[in-house]
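> The following comprises the amino acid sequence and a computationally predicted model.
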Amino acid sequence: MEKGHPAAYDEVQKIHPLYFNIVKKRYWWFALSLLVIVPGIISLFMQGLNLGIDFKGGTMIEMTFKKPVTQTAITDTMKSVGLEGPVQLSNGNTALIRTTALDQAKQNELMTALQTKVGEYEKTTLKVDLVGPAMGQELTRNAFKALIIAIGLMIAYISFRFQFVFAISGIIALLHDVLVVVGLFSLFQWQIDSTFVAAVLTIFGYSINDTVVIFDRIRENEAKMKRRDSYEDMVNKSVWQTMHRSVNTVITVLIALFSIFILGGESTKVFSLAMLIGVFSGAYSSIFNASQILVEIKKHMKHTRGKGGKAVRT
Amino acid sequence: MRRGNIIKLVTLVLLVAATVALSIKPLTNPDPAKGIPLGLDLRGGVHLVLQAEPNKNGTPITNDDMDKAKAIIAKRVNDLGVSEPIVQTDYVNKRMVIDLAGVSDPDKAVDILKTTAKLTFRDPQGNIVLQGDELSDAKAGLDPTNAGSFVVNLTFSHDGTIKFGDLTTKYLGQQIGIYLDDKLLKNPKVAVPILSGQAQIDNYTTLEAAAKDAVLMRSGSLPVSMSVAEKRQVGASLGIDSLHKSIKAGIYGLIFIFLFMFVCYRLPGVVADFSLIVYSLIVLWIFWMFRVVLTLPGIAGFILSIGMAVDFNIIIYERIKDEVRAGKSLRAGVESGFSRAFITVIDAHVTTFIAAMTLYYFGTGSIRGFALTLGVGIIASLFTAITFTRLVLRLVVGISPKLRQHGLALGGRHNGKRASSGL
């Protein structure tokens, strides 16, 4: 009893200057989510994801030349040894070359050709990634396996600690976040690498964490519900009670991610970008979707049980 | 009571400050054996995954083959003079994972490691009559008869000496072929039977080339042929650059989170910042203790976990605000807020932990490093909150139970007003 927080509904309203009924407007939130997700899914089917060498296999060479170089000089040199692939130049002398998986002899041939035809490069800043096609398939397979097992374990845990409906609502919100991230990456054709997989799985963990805090409050308030209280209002109250936390936490996480994104260098760009989108979407879906889906499911369950009659708070 | 708490608090602050000061040196020790070990992406090197190719005649690759291959590759790695090389065998996928830090010429290293290096002596018809297994040593050196040219001196084992003697007797006056894999090294005409067990392969133009072949012959041939399934090569200064960049990102992230918490929660925000320092120390010491190799994604995971670790403080503070708002005293609010928030935090963190564990279990390479830092971070943040944050909050509340009236209320304006009217 003492554990509780007897804050009345109207009191919760007063604390938040921006208060509005966040549960009642749920169809707007669902629509907004679909507005982002549907184009993403369409794009996913139409053009798929822009897979990097981690998935497809191939060689990626990042090299800094001692003098500014031109893109055509590099492409021509690649052609001269019978290779092709996209070349990206940055800062005038740093080149990112992608091509098929090269064996050591072929790679040496290319490097020698580049050195003689394009110019001297810095040996100490050279970065070469070679991934065989088999490894890429394995990465994708393992990522899917990890996702499915993580979903299973989370459903089990949340069902155990809360109820099965909570688990389902949470997982739907979670899939929402993953779809937002994957969809946007497909839409803009940003190239993904293995860190993208790590990002998606972390979003998995993070987003559900965010949702569970709100669910925890719903669980607590549900236990204290009086007969004439409506479930909708109770959920709305719970969402608002946890609003400060939801907002503040997402801000600190976003601060951390922005600093990685801006200062962390090229290798963590894909990761931090995916995480930024995912965390933002995670916060959104936790506040605007997860609990609302829960309300929706509960409402339908009530109907099918034949009790009917929406309990509207007066 | 009050004075005692102030003394305790000051002692605690000094203690943490001292720990930070004392930790910097051992944790950042550049010697990988003493500091936190850095991954190849941060200090430069080559990460190689070699895949054992199925034998042409269809016999399966046994674990024994893999062990033999590992021993030979380890020998070659040592010959390269790499410090702390890592050679691991993946029996299930028939793979060999090799980490070489700070090699000067990674391309050459890869070349040497993956070569099967089967040294064979063949009769004039091309049949293999003697194999490199019968060698006891191979050394590169100057050619005594031809200045400016280099040789590999071979010494046969006892059995090899006898076989080589028989061979040179049988094919006296004919040409025998010496092959490394399928490359013909030499095709000498046997002038006299060689019974001493010594032979020489000459005509190398550089000592390096001779030394490379000598390493290959000395280490013996791989029982299976290997192909490069994955190679990640990072130049030394590129690694250092990445390290500096991510440290910078971490510091800026930390500063802004500190500021945010201070602006949002004032004194308790400072307590949270303080807890974050303790949290970071604990995580880094865990890395140090368990020799967790820090990689670039690992650092990203760590910085992210700092952002998430504050969550614990935020949940607790918001909860305490609720409790105080409901009419409890600050002290009672802290106690009940803590115990209630704990349930929330456990549920929330277990789910993230599940994700980290599955990621670790199914991940490879850099993803694993990330999952590990994330997992360690979750446990460390729970630990810090239960022990340190709670203690400091109690002390702070003990010093000034009327914090709110000093304008240092937990939480903003609304809270103060509502709570006092509630009292």
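All right, it came through fine. Computed from a predicted model, the values in this text were never measured in an experiment.
> So, low pLDDT: which residues of the chain?
Chain wasn't specified; assuming chain A. A:1-8, A:305-314 (pLDDT under 70).
> try again with chain B
Across chain B, the ranges flagged by pLDDT under 70 are B:1, B:32, B:365-366, B:400-423.
> now the helices for it?
B:2-27, B:40-43, B:63-80, B:106-114, B:158-170, B:207-219, B:236-265, B:267-289, B:296-325, B:330-362, B:365-384, B:390-399, B:413-422 (DSSP state H).
> Could you measure from the most centrally placed residue in chain B over to chain A?
For chain B, the residue nearest the mean C-alpha position is residue B:293 (3.3 Å; CA atoms, centre = their mean). Using CB to the nearest CB, to the nearest Å, we find residue B:293 at a distance of 16 Å from chain A. Quick note: C-beta positions are derived from backbone N, CA and C, even for glycine.
> Check the secondary structure at the residue nearest to the spatial centre of chain A for me.
Taking CA atoms, centre = their mean, the centroid of chain A lies closest to residue A:278, which sits 3.1 Å from it. Look at residue A:278: counting by DSSP: H, G, I helix; E, B strand; the rest coil, its state is helix.
> The nearest residue to it once chain neighbours are set aside: neighbour count?
In space, and not counting its chain neighbours, residue A:278 is closest to residue A:203: 3.3 Å by CB to CB, 6 or more residues apart in numbering or on different chains. By other CB atoms under 10 Å in any protein chain shown, the residues close to residue A:203 number 24.
> Same check on residue B:158?
Neighbour count for residue B:158, taken as other CB under 10 Å: 10.
> Report the separation between it and residue B:120.
19 Å (CB to CB, to the nearest Å).
> Just name the most buried of the helices of chain B.
Ranked by mean neighbour count, the helices of chain B are led by helix B:296-325 with a mean of 26 (mean count of other CB atoms under 10 Å in any protein chain shown).
> show me where the stretch 151-300 of chain A has strands.
For the stretch 151-300 of chain A, the strands defined by DSSP state E, counting those that start in this stretch occupy A:191-192.
> need the contact list for residue A:54.
Applying CB atoms under 8 Å, 6 or more residues apart in numbering or on different chains to residue A:54 gives the contacts A:129, A:131, A:135, A:136, A:139, A:192, A:193, A:194.
> Is the residue nearest to the centre of chain A in contact with residue A:210, as I believe?
No: taking contacts as CB atoms under 8 Å, residue A:278 lies outside contact range of residue A:210: 10.8 Å.
> what about residue 98, neighbour count?
No chain in the question, so chain A it is. Look at residue A:98: counted by other CB under 10 Å, it has 19 neighbours.
> if you could check chain B rather than the one you did, that'd help
By other CB under 10 Å, 25 other residues sit near residue B:98.
> Dig out what the nearest residue to it once chain neighbours are set aside forms beta bridges with.
Excluding the flanking residues, the one nearest residue B:98 by CB to CB, 6+ apart is residue B:48, at 4.4 Å. Under DSSP bridges, the beta-bridge partners of residue B:48 are residue B:98, residue B:231.
> Now for residue B:48: which residues touch it?
The contact partners of residue B:48, taken as CB under 8 Å, 6+ apart, are B:96, B:97, B:98, B:99, B:100, B:110, B:113, B:114, B:228, B:230, B:231.
> any idea how far the residue nearest to the fourth one when sequence neighbours are not counted is from residue A:210?
With CB to CB, 6+ apart as the criterion, residue B:99 has its nearest non-adjacent residue at 4.0 Å, and that residue is residue B:86. In this view, residue B:86 and residue A:210 are 38 Å apart by CB to CB.
> And the two? Which one has more around it.
Neighbours were counted for residue B:86 and for residue A:210 using other CB under 10 Å; residue A:210 has more, 32 against 15.
> The closest residue in space to the more buried one that isn't next to it in sequence: how many residues sit nearby?
Closest residue in space to residue A:210, ignoring its immediate chain neighbours: residue A:286 at 4.1 Å, by CB to CB, 6+ apart. When neighbours are counted by other CB under 10 Å, residue A:286 registers 30.
> Make sure residue A:286 is actually in contact with residue A:216.
No: in this structure residue A:286 lies outside contact range of residue A:216 using CB under 8 Å: 11.7 Å.
> For residue 261, which residues are in contact?
Picking chain A for this. Residue A:261 sits next to A:268, A:269, A:272, A:273, A:276 when contact means CB under 8 Å, 6+ apart.
> please go with chain B instead
The contact partners of residue B:261, taken as CB under 8 Å, 6+ apart, are A:252, B:269, B:270, B:272, B:273, B:310, B:313.
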